[in-house]
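**Student:** Sequence and predicted structure, then a few things I'm wondering about:
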Amino acid sequence: MLQSNNRNAPVLLITFKRPDNTEKLINILIENKINKIFIYNNGPRNEVDNLECSKTKRIIQSYSKQYNNIEVLYKEKNTGLKYNIPEAINWVFQTNDRAIILEDDCFPNENFFSFCNELLEKYENDQRIGQISGSNFLNHKNFNYKIKQSYYFSNIVNCWGWATWKNRWEEFHDVEMKSWPKIKENKKIEKFFNNKKNSDYFIKMMENNYPNNIMWDRAWFLTSIIHKRLTIIPEKNLISNIGYDEKASGPNPNKWNSLKLENLDFPLTHPNEIKQSDDIDDFIIAQGFTNPPIKYRILNKLKKLFK
């Protein structure tokens with residue numbers, strides 16, 4: 001039987017071998033009075049991981065004994081990035097129709113859960129929306145770009161602290177990216193992005209992950225492209241990813257790491273229409289993923305001079 005009918009989504013915390021982070025995050029969830037906490041604990045990849053994985057597991061066991069709203073799935077063997085996160089999300093959606101998802105390197109601020117819950121409710125039946133993200137790259141220290149509402153709609157999928165619905169997630173069934181050649185042939189990315197430089201960048205990203213994809217989120221991004229879905233991005237950054245250290249399982253760090261957390265004002269102000277914010281997506285991709293066009297470099301310098 002599906003739950004979440006009290007309209008506050010459960011939180012899924014995906015853990016591996018960061019005992020300190022795991023304990024801090026569990027305490028954050030408890031402090032924020034999360035009704036239901038699911039903890040997915042991945043197993044060690046090798047003997048080197050055993051010590052930290054064991055510490056992490058003991059911390060989870062201690063909290064799960066103290067709090068009856070914590071449910072845990074322990075994995076004895078490591079299934080890898082491509083499979084463990086989809087498996088964890090599938091597990092939560094066996095009994096829930098919506099969920100907020102955190103990994104053990106993503107630290108939320110106090111507004112994050114309220115933001116997700118309000119918009120999970122508001123856009124539950126709007127199939128144009130695929131997910132709600134807590135990260136906003138616009139608050140990077142070198143950027144000067146402000147938006148007027150509490151959030152905007154983006155074509156860029158970001159999974160550093162996010163939320164979605166069971167019926168959107170159920171359409172994700174191609175973690176191996178077997179559909180990529182057909183998507184490329186039908187020029188779905190070019191149709192999804194209005195800017196050729198943007199589409200070229202993401203085509204290259206997908207090409208780099210095919211046919212030996214190891215990143216589940218690339219495949220999830222393809223699901224959004226296939227169904228032409230938007231991601232909601234908050235006006236302020238609500239998630240700080242601190243995970244690019246020696247314990248990281250994913251790719252190397254970039255300029256988005258450890259962004260400063262900011263508070264979002266409530267009540268939320270909503271955009272007047274549901275439409276991709278082309279200018280913001282262009283700005284983010286230009287500043288963060290490709291070499292910035294001259295117009296953005298000049299604009300940035302002028303804003304810094306006259307702010």
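**Tutor:** Okay, I see it.

**Student:** thinking residue 266 is in contact with residue 117, fair?
**Tutor:** No - shown here, residue 266 and residue 117 do not form a contact pair, counting by Cβ atoms under 8 Å, at 11.6 Å. In short, each C-beta sits where N, CA and C put it, glycine included.

**Student:** if you count what's nearby, which of these two comes out ahead?
**Tutor:** residue 117 (19 against 11; other Cβ atoms under 10 Å).

**Student:** What separation do you get for that one and residue 132?
**Tutor:** For residue 117, the distance to residue 132 equals 9 Å [Cβ to Cβ, to the nearest Å].

**Student:** Likewise for residue 149?
**Tutor:** Distance of residue 149 to residue 132, given as Cβ to Cβ: 14 Å.

**Student:** So between these two, which is more surrounded?
**Tutor:** Higher neighbour count among residue 149 and residue 132: residue 132, with 27 against 13, using other Cβ under 10 Å.

**Student:** Let me know whether the more buried one touches residue 120 as I believe.
**Tutor:** Yes - counting by Cβ under 8 Å, residue 120 is a contact partner of residue 132 at 6.6 Å.

**Student:** what touches both of these two?
**Tutor:** Contact with both residue 132 and residue 120 is made by residues residue 163, according to Cβ atoms under 8 Å, 6 or more residues apart in numbering.

**Student:** pLDDT weak spots in the stretch 101-250 of the chain?
**Tutor:** 139-144, 243-250 (pLDDT under 70).

**Student:** can you give me the strands for the stretch 101-250 of the chain?
**Tutor:** Remark: strands assigned in the stretch 101-250 of the chain by DSSP state E, counting those that start in this stretch are 106-108, 129-133, 151-154, 162-165, 230-234, 239-241.

**Student:** Given the fifth one, what are its sheet partners and their directions?
**Tutor:** Okay, so that is strand 230-234. According to DSSP bridges, strand 230-234 forms sheet pairs with strand 129-133 (parallel), strand 151-154 (antiparallel).
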